[in-house]
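J.: sequence and predicted model, in that order:
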Amino acid sequence: MNTLFMNAGRLRTELKLEALQPQPDDIGGYSETWHEIALIWGQIRAITSSSRFLAQRWHPETTHRITIRFSEAIQAGMRLRKDKRIFHIDAIQDADETRRYQICFVREETS
């Protein structure tokens, strides 16, 4: 097994970890509200960028790999925010299984 070595100084991008918390409304449904649960540091690297034509318009999609320190609190379905950029976490990997770093595979939300 290869051990992932990383200079901790590369984790210099401030990210806010957010979780979805449904809020009940007056008619029996709910509204989706994202709440910040932690401030973490990471390194963002772009993986792919593409566009698809759906429903009469172009939908750009960019995927990234975000490396962070290991945390059991982070789960797929959460999101990371850097200023106005939003990254939805699709999968999480402990690359060398040492529980030191995690790699989050994310999709960047675009308008």
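T.: Structure received.

J.: how about the helices in the chain?
T.: Counting by DSSP state H, the chain forms no helices at all.

J.: how about the strands in it?
T.: 13-24, 30-54, 57-69, 79-82, 85-93, 101-108 (DSSP state E).

J.: reformat these as CSV; add distance to residue 7 and mean neighbour count.
T.: Placement of C-beta: from N, CA and C, glycine included. What follows is the strands of the chain, written out as CSV (distance: least, CB to CB, whole Å; neighbours: other CB atoms under 10 Å):
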stretch, distance to residue 7, mean neighbour count
strand 13-24, 14, 15
strand 30-54, 10, 12
strand 57-69, 11, 15
strand 79-82, 20, 19
strand 85-93, 20, 15
strand 101-108, 11, 20
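
J.: need those strands in a markdown table with mean pLDDT, can you?
T.: Listed next are the strands of the chain as a markdown table, based on pLDDT from 0 to 100:
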| stretch | mean pLDDT |
| --- | --- |
| strand 13-24 | 94 |
| strand 30-54 | 91 |
| strand 57-69 | 91 |
| strand 79-82 | 98 |
| strand 85-93 | 97 |
| strand 101-108 | 96 |
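
J.: wait, what's in contact with residue 33?
T.: Neighbouring residues of residue 33 by CB atoms under 8 Å, 6 or more residues apart in numbering: 20-23.
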